[in-house]
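Colleague: Quick one: sequence plus predicted model below, questions after.
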Amino acid sequence: MQLVDLNPEDPNAIELFAEIDRLMNTLYPIASDQSLDLSELRQPNVRAIGLQNEDGIVACGAIVKQFDKTLYGELKRLYVKPAYRGKGLSKRIMQTLLHYAGEAQIPLMRLETGSKQAEAISLYESLGFKRCERFGLYRDNPLSVFMELPLNKV
């Protein structure tokens, strides 16, 4: 399995983002969607990666550098295709992104996930993320779970 940077023109990335959107639209109202758009992958504050094999891109995740009183990295689009779940790919993506955050001197990681995504919440908790107050431009939403992880300087 090869680690790749996500490219918004790559048909594999386009298909994967569409798959994520379809799933999110079955779980949550569209008005709740605050996902990273494919077109945003070219922004200088975005680092988006995927794991690719002969089936295409099977897992992905991104960090968006943000500033709201302090610099932080927001985790976006962490996803593993159903056939590849349970193989540690989400943890591998997370570890790669956290390593990048450390190199980029990002002192804090934050994320917003949905209350219906218990497996994702468990993964984040296993990596040390704790629930926190909403941040950035997010509005109060009973379907949202906000989490953060302070990063130690390496």
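Modeller: Here it is on my side, so go on. Note that the structure is predicted; figures quoted are calculated from it, not measured. Numbers count the residues shown, from 1 in each chain.

Colleague: Who are the contact partners of Arg42?
Modeller: For Arg42, the contact set (Cβ atoms under 8 Å, 6 or more residues apart in numbering) comprises Pro8. Using the backbone N, CA and C atoms, a C-beta is placed for each residue, glycine as well.

Colleague: now Leu3
Modeller: Contacts of Leu3 by Cβ under 8 Å, 6+ apart are 49-52, 96.

Colleague: does the closest residue to Arg134 other than its chain neighbours sit in a helix, a strand or a coil?
Modeller: Spatial nearest neighbour of Arg134, chain neighbours left out: Phe146 (5.2 Å); criterion: Cβ to Cβ, 6 or more residues apart in numbering. State at Phe146, reduced to three classes by DSSP: H, G, I helix; E, B strand; the rest coil: strand.

Colleague: Contacts only, for Phe146.
Modeller: Phe146 touches 110-112, 131-135, 138, counting by Cβ under 8 Å, 6+ apart.

Colleague: quick one: pLDDT of it?
Modeller: According to the prediction, Phe146 has pLDDT 95.

Colleague: Could you do the one 5 residues further on as well?
Modeller: Confidence at Leu151, expressed as pLDDT, is 91.

Colleague: Would you confirm that it contacts Met109?
Modeller: Yes. The criterion here is Cβ atoms under 8 Å, and Leu151 meets it with Met109 at 6.3 Å.
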